[in-house]
Every structure is written in structure tokens, then in C-alpha cells.
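Undergrad: Just the structure for this:
(one chain, ligands or ions: 1)
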Amino acid sequence: MGEVKVTMEVGNDGVAVITMCNPPVNALAVPVILGLKEKFDEAVRRNDVKAIVLTGKGGKFSGGFDINVMQKVQQTGDINLLPDVSVELVVNKIEDSKKPVVAAIEGLALGGGLELTMGCHARIAAPKTQLGLPELTLGIIPGFGGTQRLPRLIGLSKAVEMMLLSKSIMSEEGKKLGLIDAIVSSKDLLNVSRLWAIEIADRRKPWIRSLHRTDRLGSLYEAREVLKIARQQARKTAPNMPQHQACLDVIEEGIVHGGYSGVLREAHLFKKCVLSDTSKGLVHVFFAQRATSKAPKVTDVGIKPRHVKKVAVIGGGLMGSGIATAFILSNIYVFLKEVNSEYLLKGIKTIEENVRGFVTKGKLTQDKAGKALSLLKGVLDYSEFKDVDLVIEAVIENIPLKQAIFSDIEKICPPHCTLATNTSTIDLNIIGEKTHSQDRVVGAHFFSPAHIMPLLEIVRTEKTSAQVILDLMTVGKIIKKVPIVVGNCTGFAVNRTFFPYVQGAHLLVNLGVDVYRIDRVISSFGFPMGPFLLADVVGYGVNLAVGKEFRNAFPDRTFQSPLMELMVKNGRNGKNNGKGFYIYEKGDKPKPDLSVLSIIEESKRLTNIMPNAKPIPVSDQEIVEMILFPVVNEACRVLDEGIVVRASDLDIASVLGMGFPSQRGGIVFWADSVGPKHVYQSLKRWSELYGNFYRPSRYLEERALKGMTLAEPAFSPSLKARL
Ligand SMILES: C[C@H](O)CC(=O)SCCNC(=O)CCNC(=O)[C@H](O)C(C)(C)COP(=O)(O)OP(=O)(O)OC[C@H]1O[C@@H](n2cnc3c(N)ncnc32)[C@H](O)[C@@H]1OP(=O)(O)O
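TA: Model (predicted):
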């Protein structure tokens, strides 16, 4: 922390170079902001300073305002912890300075970082510098004048797109758009910036205050049209994210009443957004995601990850081909193994389609797609396995088959090779039982579709070595996944925690609640879709198999719903045979298929759990709680058993693996904001009415009664104090 500072050096040319230093990304922590104010004052005061250059140390300009400060404000409610930057620093000390200021930008300028540069009178950047205003992903709006200056520099449409989609651009594009005045090599960056600053001072280059510009804004009519369309789109794509509308409001204020007025309104709404629940949730997710890269006894024991150059994937089904796609897209060689050429060709075709999908969506160039596919080789035997670094088995869930594969690969692969399985249900100790390499056996549980879903659950047994886990975590990040390290149990951390989600939905249906209402309520809570539409999309086979697994593992707390079996018996298997809870017509939203109601009636007759044979009355909130509190309850058991190392890993798992709304911060964070006591008391009441499925766990009960949060570690000081 001693390195957090702002320095100033004045050269013989009369240029003061002000440098921000707060490794690794020069986040604008409070001391940096105070340091900037002080140095700008000094530079303006000093007679030997003619012009100013603002830059960041270590090859990075700045990653933006320090998100830790925002979290502190959220935890304490003390808004005064936020320093006044937008007016006091950016307008008064930089933009309205008597001396010209040039930003010398390298590496990245994000959020508040980019906003500082836009207050300067010119921006010079190194090639491939990342520029963006990603604030909306944190539930806030840009707060250092970005909503006003970006549209004035690059035009309203592009600025709105960059802010609303939190889309960064590279300096090359920035130059074309007018955000960057010149691109020069990193080596020349400071020199060119100094000269540029002097030239402005000498009036040989224009002295431009971005906030005063209007030439890129277009007419008021045009601006209103752009904003109207953006508002409509945001309502559709980000219905639960109030910061999107707030951002557009603030932009409009500036267009109608002038930039300075916009800056003031922005500062006001920025503070409001910081204190919003949406931002609390999203800021939590930001830190929770970063925390996943630290695994105790793995990342803190001084070992270094080994390079994974070649990977073998066994099984070219949906999972195997998705996994192979993820690797080749990140420049890693993949051997895809199948048992016969028919299956192999099918697997390769799926991979080609996956890759083409990225090209169609504009996420990959044709060139890169070709390069990726050239890294794939289909094989029918193990001969290529002799020099692979990682094998991922992704065959059907069959114990003897998996055991046989693991004994084979143990013999053929080199001794350093990691032996991973993508099983989602089978105990890893059983899979590795027939090998002598249990220290190399690990779970690499991807989520379907594996080339798209960002979560990777790394499952360790008591025998898995730290090196193997570290290697998998590292390669996981290379293929752009977020790896969470978890322990071995039925369903591991993610499926196990979310198992009661489906169960709760089925219990409610059998208690008389309408399936379509359940789906509606769950999507308005923020899930991408409700549990029944999800079942349709995934197919009922998965649902039934997983259900059986959990019934066996946790017979005391599973609810036996006959509904899925009845659906299958009636020839229904969801979207893939066009017969599910919904009707699927091309180009249309799925519509309820009311002919399903008779099947639901039969299920209710069979379970016969409705009190007095009448549907139970429930509010929308109760629907959410009766489905999600059992998930919280299972999360508590997972925490209690130490299956995850920290509660926030389950938050990330729920957001990235299960579609839990990120603005609610993840399943445990949400439960803590609702209050463990309320969760506990509700479950207790329902367990008396509807049985064991709702029985509160020991962990939940203890924390609710002690007034603790679910997230705090068992050994936290606050627990000790209570003991
Ligand atoms: C008023 C203003 O408008 C409000 C704002 O500016 S809000 C902030 C806007 N900025 C952002 O959202 C950027 C967030 N950061 C990122 O996206 C990425 O960290 C990055 C692209 C800057 C760098 O990525 P990468 O090189 O992979 O490094 P990464 O591991 O993510 O980050 C390195 C460290 O910097 C920290 N960090 C990055 N940006 C930070 C920020 N703005 N504040 C505080 N810490 C930050 C990370 O938490 C991480 O810390 P850790 O090692 O202790 O976990």
C-alpha cells in the first residue's frame, strides 16, 4: 500500500508530468484523488510550469475509481466517503485549468480513468490501449463526467452504445471516433504528449474543453430519437437494472440544459446509484469473482502452474464438443477421441458449428475460426495421448465405463498429465478407484453449453494434488472460464445447491400453483427463464436422471414429484420434440401449452398434498421464497460441510452457472440481505405445513438464532465474540 501516490516532475521544457501510482491498475483510490488535486494545484501555481501531462505508472493509465471505496460506502451508508471528483478535480482543476493538460494513455483507461482523460485538453494513446466506461456493470453510472464528455467527443449513438453495453474499444478505434487525438508508440508516448501540451500552450494546437463542445451531438430532435430507442432497448435487455435509465436521463439533462448542468445531475444520480441495492449486488459479484482465483493450500503454497499445451477430450457428445471448442478457441491443441468414426465426425461437426456460431455473431473473425479449427484433431485410439498435459473425460454417466477409461489413460498419458472428468454426478473417488494416480484425478465440471457458459467447477478429492488443481485453475482462466474450487459430494457444490430449485417448483405445482405463474414470477425476479421453461429447454432426461441421484443421496429431504415422468409417459420431452410445457413456434416467444394442464392435474391427484384438496394461496413473493429458500438452505449445508471455501464462491456459481440475477449479488448474498432469520422462520413454518423438504439446516438455524450472516466464516471474530 506504501506505493499509492501521485508524483510530479517538472522538466526543462516547462512541462509538469503528473503520474498516478497505485499498482496493479492505478485505481483511483482516495489518496490518489487527493494527490491529483494537490499536484494540479501545485502545477498551476508554479511559474516554471507551462503545461501539464497526466499519466499512469507501470504501463497502465487507470482502471477507474477504486471499487473498494464504493463497497465501503455501501457497507457503512456513509456517502461522504466519496470525494468530489467530477467538479472539483475534473472541471475546476483539469478542464478549466489555466494551463493545458494532455493525457498520455497506455494499457487501459477505464471508468473514472477514461473520464479523467476526457477532462484533459488532448489525449495521446499507445497502440492497443483499452478504453471504456464499464460502470453500468457495477450498478452505477459514470460519475466523473463521462456521461457528458463521451457523447461530446464521439457522438451520441456510439457513446450510448459504449456505456449501455459497457463495451470497451481499442485506441485505434478511439482515434477514428475522435476520442483519441494521436496514437504513438509506448516509447514515444510521454515525449509526444509533452510536445503536444506545449503546442497547446503556444496556441499552435487547439485548446479544447470537451464539456463545451456541441458539434458532435446533433440536433435536439436527433438526440431525443437516439435516447428514445436506447431507452426502449434497455427496458427489454436490462429490465432489472435501473442504472441504464439513470444513465440516459443524465445524458439527456446535459443535452437539453448544457454539459455543466449534466455534470451536476450526474454527480447526484451517481451517488444515488452507489447506494442502490443493484450496485451492492453487482459490486459484491465483482469482488466475489476475483476471490475465486485464491484457493487455500493451492494458490498460497508457492507452487507455479505448469503450461498446458495439449489437451485430450474423450467423448464428442454435447459436453465433450463444447469443451473442445473452448480450448481450441484459446489456441490450445485438442485431440478429440471417440469410439467410432460416425460419432467422431458428429463431434467434429458440432465443434465446427460452435465455432461458426461465434463467427455469425461477429465475435470471431473467419481467420481466427480457421486457426482454431486447425488445432483440432479427431482420433479413435489413445496413441496421441502420450504427450498430452490434460485429459478431460466427457462420456456418459456410467461408472464401469469411466473406471475403464481412467485405468487406460493412466497407463498411456505421461506421468505429469492431469486426469480430469466432467462428471456431474459420480463420486470422483469411485472414478479414480482403479488407478494408482488418484493425486492426478480431478473434476472439471463444465456447464452446458460448455463453450459459452463461463463457470468451471473444479472438484478436488482429499487426494488431488495442489499442483493439479492449480494447473486446472490456470488453464481454466486461459480458456476464459471462472474456475471455482470445490469439494467432492453428490452434485458437487453447484448442482447440489440448486437441486432444491427444481424440487421447490414441483412441490408448488403439486400444491396447486400454476406452472406459468411460477415461471413468470421467477423470471421477473431476474432469472433468464423460469424452472419449467428451463426444463423444456434442457430436456426432461437430465431432469429425471439428476432427480434420481439426489433422491438416493438425500432421501430425507427430497420431494417425489411424478410430474416429469408423467410428461414423458405422455410423449413429451420438452423443446427437442416440440412438446413441453410450452408451444414453440419459429420466431415467436414460447406460448403456454394448455393441454399440459390435464397431466398436471394427474400429478396433483397422485401426490395428493394440497390441504383440503384446494390449491394453497400464495403471493408472488412467497413463490420466490418457497423455491429459493430451500436453495439457500442447501447452500448452508454446503458451507457447513466445507464443500466450498467461501460463501461468495456460491454467489459466483449461482450467477454464472444457474442464471441467478447478478444484481442480487448471488444466492448467499441475497439470503443475507433478506435476512437469515426470515429465511429460517419461513422454512420452519413451511416444514410444519409441507414436510421435510423445508426443514431448516443446522447451519441456518444457528446463524439465524445468533444473528449472524450466512456468509461470515465460521472462525470470524464476530462468531468468536458470540461463543
Ligand atoms: C466514478 C467512476 O465513473 C466510477 C468508476 O470508475 S467504477 C470502476 C470502473 N472500472 C472498472 O469497472 C474496471 C474493473 N476492473 C477490471 O475490469 C479489470 O480488473 C481490469 C480490466 C482493470 C484489469 O484486469 P486484469 O489485468 O485481468 O486484472 P484483475 O485481476 O482483474 O485486477 C487486478 C487487481 O486490480 C483490482 N482492480 C481492478 N480494477 C479496480 C478498481 N477499479 N478498483 C479497485 N480495484 C480494482 C482487482 O480487484 C484485482 O485485485 P486483486 O488482485 O486483489 O483481486
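
Undergrad: does the nearest residue to residue 143 once chain neighbours are set aside count as helix, strand or coil?
TA: Once flanking residues are discounted, residue 143 sits nearest to residue 270: 3.3 Å by C-beta to C-beta, 6 or more residues apart in numbering. C-betas here are computed from N, CA, C, even on glycine. With DSSP: H, G, I helix; E, B strand; the rest coil as the basis, residue 270 sits in helix.

Undergrad: from what I can see residue 270 touches residue 139, true?
TA: No - if you go by C-beta atoms under 8 Å, residue 270 and residue 139 don't touch, sitting 11.1 Å apart.

Undergrad: For the ligand, what is the nearest residue in this structure?
TA: Across the chain, the shortest distance to the ligand (C-beta to the nearest ligand atom) belongs to residue 111, at 2.5 Å.

Undergrad: wait, isn't that residue in contact with residue 140?
TA: No - if you go by C-beta under 8 Å, residue 111 and residue 140 don't touch, sitting 9.1 Å apart.

Undergrad: any shared contact partners between the two?
TA: Common contacts of residue 111 and residue 140 (C-beta atoms under 8 Å, 6 or more residues apart in numbering): none found.

Undergrad: burial measure for the residue of the chain closest to the ligand, as a count.
TA: By other C-beta atoms under 10 Å, 27 other residues sit near residue 111.

Undergrad: wait, what's in contact with residue 410?
TA: Contacts for residue 410 (C-beta under 8 Å, 6+ apart) come out as 419, 435-437.

Undergrad: out of the residues you listed, who's nearest residue 626?
TA: Nearest to residue 626 out of the contacts of residue 410 is residue 419 (C-beta to C-beta; 41.6 Å).

Undergrad: Any idea how far stretch 527-535 is from the middle of the chain?
TA: 19 Å (C-alpha atoms, centre = their mean, to the nearest Å).

Undergrad: who's in contact with that stretch?
TA: Stretch 527-535 has contacts (C-beta under 8 Å, 6+ apart) with 501-502, 505, 515-516, 518-523, 537, 543, 564, 574, 580-582, 590, 627, 659-661.

Undergrad: If you count neighbours, what's buried in stretch 363-370?
TA: 364, 369 (16 or more other C-beta atoms under 10 Å).

Undergrad: rewinding a little: so who does the residue of the chain closest to the ligand touch?
TA: 63-65, 132-135, 142, 146.

Undergrad: how about the nearest residue to it, chain neighbours excluded?
TA: Residue 111 sits nearest to residue 64 (C-beta to C-beta, 6+ apart), 2.7 Å away.

Undergrad: wait, doesn't the one you found sit right on residue 130?
TA: No - Residue 64 is beyond contact range of residue 130, at 11.4 Å (criterion: C-beta under 8 Å).

Undergrad: Mind checking which of these two has more residues around it?
TA: residue 64 (28 against 20).

Undergrad: Point out where this structure drops to low pLDDT.
TA: The chain contains residues with pLDDT under 70 at 1-2, 715-723.

Undergrad: The residue lying closest to residue 358 once chain neighbours are set aside: helix or strand, and which one exactly?
TA: In space, and not counting its chain neighbours, residue 358 is closest to residue 364: 3.9 Å by C-beta to C-beta, 6+ apart. Residue 364 belongs to no helix or strand when elements are defined using DSSP states H and E.

Undergrad: likewise residue 116?
TA: Residue-wise, residue 116 maps onto helix 112-119 under DSSP H and E.

Undergrad: CA-only coordinates of the following helix or strand past that helix in CSV, if you can.
TA: Remark: after helix 112-119, the chain's next helix or strand is strand 122-125, criterion DSSP H and E. Extracted C-alpha coordinates of strand 122-125, given in CSV (Å, rounded to 0.1, in the frame of the first residue of the first chain):
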residue,chain,number,x,y,z
ALA,A,122,-6.0,16.3,-25.7
ARG,A,123,-5.5,12.5,-25.4
ILE,A,124,-2.5,10.7,-26.8
ALA,A,125,-2.5,6.9,-26.6
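
Undergrad: which is the next helix or strand following strand 122-125?
TA: strand 130-132.

Undergrad: So which of the contacts of stretch 527-535 belong to helices?
TA: Residues of the contacts of stretch 527-535 located in helices (DSSP state H): 501-502, 505, 515-516, 518-523, 537, 543, 564, 627.

Undergrad: Please list the residues of the protein that sit near the ligand.
TA: 24-25, 27, 63-68, 108, 110-112, 115, 134-135, 138, 142-144, 146, 290 (C-beta under 6 Å from any ligand atom).

Undergrad: Remind me what the helix or strand hosting residue 69 packs against, helices and strands.
TA: Using DSSP H and E, residue 69 maps to helix 67-76. Packing partners of helix 67-76 (3 or more C-beta pairs under 8 Å, 6 or more residues apart in numbering; DSSP states H and E): helix 259-274, helix 277-291.

Undergrad: For PyMOL, write the select line for the buried members of the contacts of residue 410.
TA: Applying 16+ other C-beta under 10 Å to those leaves a buried subset, and the PyMOL line that selects it is:
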select buried, resi 419+435+437
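
Undergrad: what's the farthest-apart pair in the contacts of residue 410?
TA: Once C-beta to C-beta is applied, the contacts of residue 410 give 419 and 436 as the farthest pair, at 11.4 Å.

Undergrad: Count the neighbours of residue 99 for me.
TA: Residue 99 has 20 neighbouring residues, counting by other C-beta under 10 Å.

Undergrad: you'd agree it is up against residue 198?
TA: No - contact between residue 99 and residue 198 fails when scored by C-beta under 8 Å: they sit 10.6 Å apart.
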